[in-house]
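Novice: Any chance you could fold what I've pasted below:
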Amino acid sequence: MSMSRVVITAVVAGGRSKSAVARDYGVSRRWVQVLVARYLAEGEAAFEPRSRRPHSSPRRTSRAVEDSVVALRKELAGAGHDAGAETIAWHLRQRAGCSPSVATIWRILSRRGFVIPQPHKRPRSSWRRFAAELPNELWQADITHWPLADGSDAEILNIIDDHSRLLAASTARAVFKAGDIVADLHTAMARHGRPERLLTDNGAVFTGLYRGRGWVALERELAALGIALSHCRPYHPQTCGKVERLHQTLKNWLARQHPAATAAGLQAQLDAFTADYNTRRPHRAIGRRTPAAAWHARPRAMPARQGIRVSEHFRVRRDRIDTDGKLTLRHNSRLHHIGIGRRWAGTKVLILARDLDIRIITQDDGELIRELTLDPARDYQPQASKV
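Specialist: The predicted structure follows:
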């Protein structure tokens, strides 16, 4: 029996005074008066529990603010961006200079039906995190797939900085070959410097370790540059968890864009995503800063191993060996011919030029077919020094 029924029964049926009932049951006399008056006015309905919700809440978030939170949630989600409470708060501060608390935003989203409870998820306290201490201390690289408008498949190479989550490179091709990985790595290093270490999975373009082969092009190039290379354990993608999580963020965004017809069209979308991801999207794992801000906040690490010095004049050029077995390369506005050999005629190659030091590798499998020091006094570089 509820306390309200006990009190009302004692006063109305038992004939006891309100003061005595209040004293005996440890309640206020005012409450006893309210209960009795309610019973006399409403009868049995007085025994039903009443809501304690106040009639007004002066400090409650205004309807206009709630609407702005919901509108921003829809805008971010519709564009394929992260749309959690912390991200919404960050964007509101950028736009209006102030924002409700993250907890308030979360409650607004819950009331409006945007938050789905997920009791099956692991608590954050159970997570074990690892992050590099400095920018460029560790990069993670991986290839994922995305369909084009005609249903054909394209590949996307993503390279991310482990410390700042900076997206150092995001490139699309029909199929990545060994030389493509080297070329895209050099493009990323030209923008952001050389990493101390690179972490990848065990794909054929990243390592020949599990296929009974020698080094692939990426392994040889990283050794030459003094960059350490490591791989995640087979069938354990969690080791490359940061770049794997980036794939998910990227695909959520691409799913809300118009399907690209070609790899070039997909590349334009990746460039737009990269700019937004690095400079406008606050990242939860780095204190709600943008990756670009986190990358610039600390000094950058450098390769600890001895390798070739890469100057600002480093160039990567794609070419095809002509029918006479030669390549051409311009240095200081003068065209030089490099002898490779007729057996390589028609082969697609990458020319890696560091001032006068030239290395030539095949695009398909990354085989080093010639290494030389260019003689600027000679137009033709004979095959005598070929590897």
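
Novice: All the helices of the chain, in order from the start?
Specialist: Remark: helices assigned in the chain by DSSP state H are 3-8, 18-25, 29-42, 63-78, 85-96, 102-111, 178-192, 217-225, 241-254, 263-279, 291-297.

Novice: want to try JSON lines for those, with distance to D319 and mean neighbour count as columns?
Specialist: No exception for glycine: its C-beta is placed from N, CA and C like everyone else's. Converted to JSON lines, these look like this (distance: least, C-beta to C-beta, whole Å; neighbours: other C-beta atoms under 10 Å):
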{"stretch": "helix 3-8", "distance to D319": "90", "mean neighbour count": "17"}
{"stretch": "helix 18-25", "distance to D319": "96", "mean neighbour count": "15"}
{"stretch": "helix 29-42", "distance to D319": "91", "mean neighbour count": "15"}
{"stretch": "helix 63-78", "distance to D319": "44", "mean neighbour count": "15"}
{"stretch": "helix 85-96", "distance to D319": "45", "mean neighbour count": "18"}
{"stretch": "helix 102-111", "distance to D319": "54", "mean neighbour count": "17"}
{"stretch": "helix 178-192", "distance to D319": "11", "mean neighbour count": "20"}
{"stretch": "helix 217-225", "distance to D319": "16", "mean neighbour count": "21"}
{"stretch": "helix 241-254", "distance to D319": "31", "mean neighbour count": "18"}
{"stretch": "helix 263-279", "distance to D319": "20", "mean neighbour count": "17"}
{"stretch": "helix 291-297", "distance to D319": "33", "mean neighbour count": "18"}
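
Novice: So what does the spatially most distant residue from the centre of the chain have for phi and psi?
Specialist: Using C-alpha atoms, centre = their mean, the residue of the chain lying farthest from its centre is G15. It sits 73.1 Å away. Per-residue torsions, G15: phi 70, psi 20 (degrees, to the nearest 10).

Novice: List the single closest residue to L222 in space, sequence neighbours excluded.
Specialist: Among residues not flanking L222 along the chain, L229 sits closest, at 4.8 Å (C-beta to C-beta, 6 or more residues apart in numbering).

Novice: Ignore what I typed, I meant R378.
Specialist: In space, and not counting its chain neighbours, R378 is closest to H336: 7.3 Å by C-beta to C-beta, 6+ apart.

Novice: I'd like the distance between the one you found and I108.
Specialist: 67 Å (C-beta to C-beta, to the nearest Å).

Novice: And A294, by the same measure?
Specialist: For A294, the distance to I108 - C-beta to C-beta - is 28 Å.

Novice: Just tell me which of the helices of the chain ends up closest to L356.
Specialist: helix 217-225 (15.8 Å; C-beta to C-beta).

Novice: That closest one to helix 178-192, inter-axis angle?
Specialist: Here helix 217-225 points in a direction 40 degrees away from that of helix 178-192 (axes from the mean of the first three to the mean of the last three C-alpha atoms, to 10 degrees).

Novice: In CSV, could you pull the C-alpha coordinates for helix 217-225?
Specialist: Provided in CSV are the C-alpha atoms of helix 217-225 (Å, rounded to 0.1, in the frame of the first residue of the first chain):
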residue,chain,number,x,y,z
ALA,A,217,59.6,-1.8,-54.7
LEU,A,218,58.3,-0.2,-51.6
GLU,A,219,60.7,-2.2,-49.3
ARG,A,220,63.7,-1.2,-51.5
GLU,A,221,62.7,2.4,-51.6
LEU,A,222,62.2,2.7,-47.9
ALA,A,223,65.5,1.0,-47.2
ALA,A,224,67.2,3.5,-49.5
LEU,A,225,65.5,6.4,-47.7
